[in-house]
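Asker: Turn this into a model:
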Amino acid sequence: MKETQHPEHGADSLCAAGTRLYKQALRDGRVHARDTTPAPCLVDLGLLHPTVGDENWLTPVAPAAALGRLLRVSEERIAEERRREEKLTETFAGLMRMEGLPTATTESPAVRVLSGMERINKVITEAMTGATRELLCIQPNTTYSNPRSEAAQAVAMERDQSLLNRGGRIRTLYQHTQRHTPLVIARYEQLRGDAEARTLDEITERLIVVDQTVAFIPGNSDRTMALEIRQPALVAHLATTFDRLWRHATPMYPHTVEAPSVNGVTPRQRAIAALLVEGHTDAVIANRLGFNVRTARVHIAKLAATLGSESRAQLGYLIGRSGILDQGRQDLRPH
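Answerer: Numbers count the residues shown, from 1 in each chain. So this is what the prediction gives:
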């Protein structure tokens, strides 16, 4: 049977086996060499040494003597780090005094690139730890079709609930297609506090704004990179964009509101109609509204039947004549 490898550690985190054997050696004055197999760290750390004249036995070093030696080693290491800090300071001091360089600044970067999902989630969690006021989120449909999202969901739920527990507020925008998504429903069944959600036919890419001091947006299409933004004007712009989208969105939680049909045309069909008259293909319409091409074509067919259209070209004309795109949704907009 293969022996379990002894974990590496220092004297400041002595393993349980090593602690027991060292105590035994101090009580008995020595231990047999074969007994150190479970705790080779005692010899490596200099807490046991061979007995003069008989290498089969090991003698313990007095705790006070061992402590003094280990502290000296620690002090030497600290002194070496301080010498290294002095050399680094001396090396970069002249460079920091150079004027006219774009990098000659002591301020933190206004925009930082984050790479890797683990790193991105860690930085977002760190930003959320100090938050006390409000979290703004835009969550596109693709977030919940991502197989990695369920694992990240638990982490997000914990940090969101912590903000709510501190008296903060959370506002989230989803696409209409997510109103009945199990993960979205479960989220609001579990959250306790001032959390609201609304939906729109079309939303922007993912956005997170924390206390209107830092924002996060995707850095590439697959979201394995993100931009951390701390430039006040940019963060304010993103927060304002969110607020304007929020005012036009349909409430989903805590009070659900269903957008009314206009002349037999549903809100989803109205959104499709707007994209049709702009000349978009079925694939583009499906992508922008968060569903597949087959579903988009089903809705287009229903819209054509409702308006009495017999062709794609005629459908565009009938949409314009019907006035459905001019119908506002003022009754759904919060004041």
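Asker: use CA for all of it now, contacts and neighbours both
Answerer: Noted.
Asker: for stretch 68-76, the distance to its chain's centre please.
Answerer: In this view, stretch 68-76 has its centroid 41 Å away from the chain centroid, taken as CA atoms, centre = their mean, to the nearest Å.
Asker: what's the spatially most central residue of the chain sitting at in phi/psi?
Answerer: The chain has Asn121 as the residue nearest its centroid, 2.8 Å off, counting by CA atoms, centre = their mean. Backbone torsions for Asn121, taken as degrees, to the nearest 10, come to phi -60, psi -40.
Asker: And Val111, by the same measure?
Answerer: Main-chain torsions, Val111, degrees, to the nearest 10: phi -130, psi 130.
Asker: which residues touch it?
Answerer: Applying CA atoms under 8 Å, 6 or more residues apart in numbering to Val111 gives the contacts Leu227, Glu228, Ile229, Arg230, Gln231.
Asker: please redo it, this time with the cut-off set to 6 Å
Answerer: Residues in contact with Val111, defined by CA atoms under 6 Å, 6 or more residues apart in numbering, are Glu228, Ile229.
Asker: Now do the helices in the stretch 151-300 of the chain.
Answerer: 182-190, 232-248, 267-277, 282-289, 293-307 (DSSP state H, counting those that start in this stretch).
Asker: err, the stretch 1-150 of the chain, not the other one
Answerer: 16-28, 41-44, 63-96, 117-129, 142-145, 149-165.
Asker: Could you say which of these is packed most deeply?
Answerer: Highest mean neighbour count among these (mean count of other CA atoms under 10 Å): helix 41-44, with a mean of 18.
Asker: and for it, what are the contacting residues?
Answerer: Against helix 41-44 from outside (CA under 6 Å, 6+ apart): Leu48.
Asker: show me where pLDDT drops low in the stretch 51-200 of the chain?
Answerer: Counting by pLDDT under 70, the ranges of the stretch 51-200 of the chain that qualify are 96-108, 142-152.
Asker: any idea how far Arg270 is from Thr306?
Answerer: 12 Å (CA to CA, to the nearest Å).
Asker: Looking only at neighbour counts, state which of the two leads.
Answerer: Arg270 (21 against 12; other CA atoms under 10 Å).
Asker: For stretch 178-194, buried residues please.
Answerer: The neighbour-count check on stretch 178-194 (16 or more other CA atoms under 10 Å) flags Gln178, Arg179, Tyr188, Leu191, Gly193, Asp194 as buried.
Asker: Could you work out the end-to-end span of that stretch for me?
Answerer: OK, stretch 178-194 end separation, CA to CA: 20 Å.
Asker: Let me know how buried Val52 is, in neighbour terms.
Answerer: Residues near Val52, counting by other CA under 10 Å: 10.
Asker: How much space separates it from Leu183?
Answerer: Relative to Leu183, Val52 is positioned 69 Å away (CA to CA).
Asker: what's the answer for Ser74, then?
Answerer: Applying CA to CA, the value for Ser74 to Leu183 is 51 Å.
Asker: do Ala233 as well
Answerer: Separation of Ala233 from Leu183 (CA to CA): 34 Å.
Asker: Equivalent analysis for Ala301, please.
Answerer: 30 Å.
Asker: just Phe291 next, same as before
Answerer: Counting by CA to CA, the gap from Phe291 to Leu183 is 17 Å.
Asker: and if you look at Leu325?
Answerer: According to CA to CA, Leu325 and Leu183 sit 32 Å apart.
Asker: and what of Pro38?
Answerer: Pro38 is 48 Å from Leu183, by CA to CA.
Asker: Then Asp211?
Answerer: Counting by CA to CA - Asp211 and Leu183 are separated by 25 Å.
Asker: quick one on the thing from earlier: can you redo the helices of the stretch 151-300 of the chain as a markdown table, where the extra columns are distance to Ser115?
Answerer: Shown next, in a markdown table, are the helices of the stretch 151-300 of the chain (distance: least, CA to CA, whole Å):
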| stretch | distance to Ser115 |
| --- | --- |
| helix 182-190 | 26 |
| helix 232-248 | 20 |
| helix 267-277 | 34 |
| helix 282-289 | 26 |
| helix 293-307 | 32 |
